[in-house]
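> Generate coordinates for the sequence data below:
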Amino acid sequence: MFTLVIERKAEKFLKNLPQKTRRIIVEKILDLREDPFPKGNKEKLNYPHPPAVYRLHIGRSFTVFYIIETDENVIKILKIMTIENAHKEYSRR
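Numbering: from 1, shown residues only. Model prediction:
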């Protein structure tokens, strides 16, 4: 099982969401502890520099970006944002 670490920016985003939305996102993030590797709604992004960044789509509304530190069994949640903002910031690079 992996340990989760949530960066301050991601935590702040979560705290500003409605309670029901926050609960759904937290449940999906907690599922990463069991299996953080890509399949289904998870994908390894094609970035040229380490560490590898992964993304998790949650419904059709939110995206979570994270890295996996396998040697320490840690998952770091880097950012959480709307899918619309994620496409603007990350896609097509």
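
> Check which helix or strand residue 55 maps to.
strand 54-58 (DSSP states H and E).

> next SSE after that strand?
Downstream of strand 54-58, the next assigned helix or strand under DSSP H and E is strand 62-69.

> what angle sits between that next one and strand 54-58?
On the basis of axes from the mean of the first three to the mean of the last three C-alpha atoms, to 10 degrees, strand 62-69 is oriented at 150 degrees to strand 54-58.

> Report all helices and strands that strand 62-69 contacts.
If you count contacts as 3 or more C-beta pairs under 8 Å, 6 or more residues apart in numbering; DSSP states H and E, strand 62-69 packs onto helix 19-31, strand 54-58, strand 74-82, helix 83-90. Quick note: C-beta positions are derived from backbone N, CA and C, even for glycine.

> May I have the predicted confidence score for residue 93?
Looking at residue 93, its pLDDT stands at 47.

> With residue 47 instead?
Looking at residue 47, its pLDDT reads 75.

> One more: residue 31?
Value for residue 31, per-residue pLDDT: 94.

> quick one: it and residue 58, what's the gap?
To residue 58, residue 31 is 10 Å away according to C-beta to C-beta, to the nearest Å.

> Which one of these two is surrounded by more residues?
Just comparing residue 31 and residue 58: by other C-beta atoms under 10 Å the higher neighbour count belongs to residue 58, 18 against 12.

> ok, the more buried one touching residue 64?
Yes - between residue 58 and residue 64 a contact is recorded at 6.5 Å, counting by C-beta atoms under 8 Å.

> okay, and the common contacts of the two?
Residues touching both residue 58 and residue 64 (C-beta atoms under 8 Å, 6 or more residues apart in numbering): 25, 28.

> Low-confidence bits of the chain, can you list those?
Scanning the chain for pLDDT under 70 picks out 90-93.

> Centroid-nearest residue for it?
Note on the chain: the residue nearest the mean C-alpha position is residue 64, at 2.5 Å, using C-alpha atoms, centre = their mean.
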